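[1] Take a look and give me a structure for this.
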Amino acid sequence: MEIKCGKTRNPEETSTYFLLFQANHKYIQLFLHKLQKLDLKIGQAGILFILGKYGPQSQREIADKICLTPPSVTVAVQKLEQSGLTVKRPDEEDQRRTIIDVTEKGKSYLSEIKNSMQEIEDIMFQNMSREEELLFRRLVMQMMENLDSARPEKTEKNRMQTARRKDSDYVKTV
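    Purely as a prediction, here's the structure:
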């Protein structure tokens, strides 16, 4: 089978990894092109998206939601703050925490980001029914859940919990 610049001929002969990698690469390329107009990096756009969806957050909460390291979030938040897209303020309930919030300028950028994401999704799902789109989303979510449960720290934790349950069952029978 000949593969030329991501043109896959037979999905039965191509690995799922390769297909997902190609689709993600093409999505990212389109998204980066749109972000260039806003002078944003993809991580910065992700942070704005998280803040728009969940409201003001600590840097730790942002890192957990966007799956970036706290130092990476710190650098991105500094750049967003310098651009006037976010603002830091002390948490009213816990003065040790700093909360990141979106400015009005950041909200207008967020609107552009959401529009860009929708445009790309419209392209990605053209020639597919709404049912096929929803099925695709459900399948990808199931794949992510399956892969997440197979992570080494998860499987070790599950093994330890199972061992504790067996130990407690043994104690009950003695």
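[2] Look up how far Phe21 lies from the most centrally placed residue in the chain.
    In the chain, the centroid-proximal residue (Cα atoms, centre = their mean) is Ile66; its distance is 5.0 Å. Distance of Ile66 to Phe21, given as Cβ to Cβ, to the nearest Å: 20 Å. Heads up, the C-betas are built off the backbone N, CA and C, glycines and all.
[3] Let me know how buried Ser122 is, in neighbour terms.
    One correction, residue 122 is Asp, not Ser. Neighbours of Asp122 under the rule other Cβ atoms under 10 Å: 9.
[4] And the pLDDT for it?
    You'll see Asp122 listed with a pLDDT of 95.
[5] element containing it, please.
    Assigned by DSSP states H and E, Asp122 falls within helix 104-124.
[6] again, but for Asp64
    Using DSSP H and E, Asp64 maps to helix 59-66.
[7] right, and the helix or strand after that helix?
    Note on helix 59-66: by DSSP H and E, the next helix or strand toward the C-terminus is helix 70-82.
[8] Run through the neighbouring helices and strands of that next one.
    helix 42-54, helix 59-66, strand 86-90 (3 or more Cβ pairs under 8 Å, 6 or more residues apart in numbering; DSSP states H and E).
[9] For Met124, find the nearest of the ones you listed.
    When the helices and strands packed on helix 70-82 are compared by Cβ to Cβ, helix 42-54 sits nearest Met124, at 16.7 Å.
[10] sorry, back to before: next, the angle helix 70-82 makes with the helix holding Asp64.
    110 degrees (axes from the mean of the first three to the mean of the last three Cα atoms, to 10 degrees).
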